[in-house]
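Trainee: just the structure for this:
(2 chains)
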Number of protein chains: 2
Amino acid sequence: VDIPAVLRTFVAEQKTCVIATTRRDGSIRQSVVVCAFDDDRILASTTASRAKARDIERSSWASLCIFGHEQPYPSVTIEGSARIIRDNVGDLTRKLYASLRGTSDGAPTDEQLAAAGRVLIEISPDHWYGASYLEVNAEG
Amino acid sequence: VDIPAVLRTFVAEQKTCVIATTRRDGSIRQSVVVCAFDDDRILASTTASRAKARDIERSSWASLCIFGHEQPYPSVTIEGSARIIRDNVGDLTRKLYASLRGTSDGAPTDEQLAAAGRVLIEISPDHWYGASYLEVNAEG
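Mentor: Next up, the predicted model:
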């Protein structure tokens, strides 16, 4: 699905979101990740050993809720198919790092990322909904 | 489960969280709600017609991810059994309103709440996990 520019801008401003995945038993797991659009996909960084990475490898799906912490608390949820990227994560992870910190100074090297077991979560948006206090339709 | 004081304080500071519920087809629904502890339960306000209220009536479960928007992005997820409270929601909803706005000025009346179809979500914490950048164990 095409994501409207206003939502892309909002994601870029917030930089973080709550990712929800499905555990083996069907229950919900939530945690906070740094996220950013890269063309038409959303990328987030995690470690391969994290439970959410295993959830995604099993279910191939993730939900992201992005919201602003100031009133009126604008928010939107984006969901879609998801996969774990293990190869050549260096450049993309450094882009995420720079988007979060506003600088690439101190960004991790390929060796540091490999040692930490860093991988990327790639979400291909399938549906967005619940857009509140954003100049866009409620879903798409 | 007992929720440590540091997490109670954190929830009170953040005031909002991302609630995740399970749709009829087993997929995840996420949205932002105002939330606050009331003794050992967590309360959030929504409308009876909202999909998340219907999810909770069907599944009796909810997951709440609370996080701070400033680096280092402290966060924790609390999950537990959940139900919808429809009776006498006025006083509790006004408490939530006041906790969010810092004043009870302009808080909705019972009549306004009824007209808006406002109900409360009650979550009884069963498990918390993923505590990051909070002076507490990672889970409990």
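
Trainee: pretty sure A:Lys15 is touching A:Cys35, no?
Mentor: Yes: taking contact to mean Cβ atoms under 8 Å, the distance of 7.4 Å between A:Lys15 and A:Cys35 places them in contact. Every residue, glycine included, has its C-beta placed from N, CA and C.

Trainee: who has more neighbours out of those two?
Mentor: A:Cys35 (26 against 19; other Cβ atoms under 10 Å in any protein chain shown).

Trainee: which SS class is the nearest residue to that one once chain neighbours are set aside?
Mentor: Distances taken as Cβ to Cβ, 6 or more residues apart in numbering or on different chains place A:Ala44 nearest to A:Cys35, at 4.4 Å, with adjacent residues excluded. When states are read from DSSP: H, G, I helix; E, B strand; the rest coil, the local structure at A:Ala44 comes out as strand.

Trainee: remind me, longest strand of chain A?
Mentor: Secondary structure assigned by DSSP state E gives strand A:118-132 as the longest strand of chain A.

Trainee: okay, now the sheet partners of it, with direction.
Mentor: Partner strands for strand A:118-132, per DSSP bridges, with pairing direction: strand A:41-47 (antiparallel), strand A:75-85 (antiparallel).

Trainee: give me the buried positions along the last one.
Mentor: Under the neighbour-count criterion of 16 or more other Cβ atoms under 10 Å in any protein chain shown, strand A:75-85 has A:Ser75, A:Val76, A:Thr77, A:Ile78, A:Glu79, A:Gly80, A:Ala82, A:Arg83, A:Ile84 buried.

Trainee: for the shortest one, same thing?
Mentor: Of the residues in strand A:41-47, A:Arg41, A:Ile42, A:Leu43, A:Ala44, A:Ser45, A:Thr46 count as buried by neighbour count, 16+ other Cβ under 10 Å.

Trainee: doesn't A:Ile123 make contact with the first one?
Mentor: Read that as A:Arg41. Yes: look at A:Arg41 against A:Ile123 with Cβ under 8 Å: they come within range, at 6.5 Å.

Trainee: hmm, back to that, please tabulate the strands paired with strand A:118-132 in JSON lines, including the columns mean pLDDT.
Mentor: Formatted as JSON lines, the strands paired with strand A:118-132 follow (pLDDT from 0 to 100):
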{"stretch": "strand A:41-47", "mean pLDDT": "93"}
{"stretch": "strand A:75-85", "mean pLDDT": "97"}
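
Trainee: show residues contacting the worst-scoring helix or strand of chain A on mean pLDDT.
Mentor: Ranked by mean pLDDT, DSSP states H and E, the weakest helix or strand in chain A is helix A:89-101, scoring a mean of 88. Defining contact as Cβ atoms under 8 Å, 6 or more residues apart in numbering or on different chains, one finds that helix A:89-101 is touched by A:12, A:15-16, A:34-36, A:38, A:43-45, A:85, A:104, A:107-110, A:113, A:118-120, B:71.

Trainee: quick one, which of those residues are buried?
Mentor: Using 16+ other Cβ under 10 Å as the burial test, these include A:15-16, A:34-36, A:43-45, A:107-108, A:113, A:118-120 as buried.

Trainee: just the closest of these to B:Leu64, please.
Mentor: Checking the buried ones among the contacts of helix A:89-101 against B:Leu64 with Cβ to Cβ, the nearest one is A:Thr16 at 16.5 Å.
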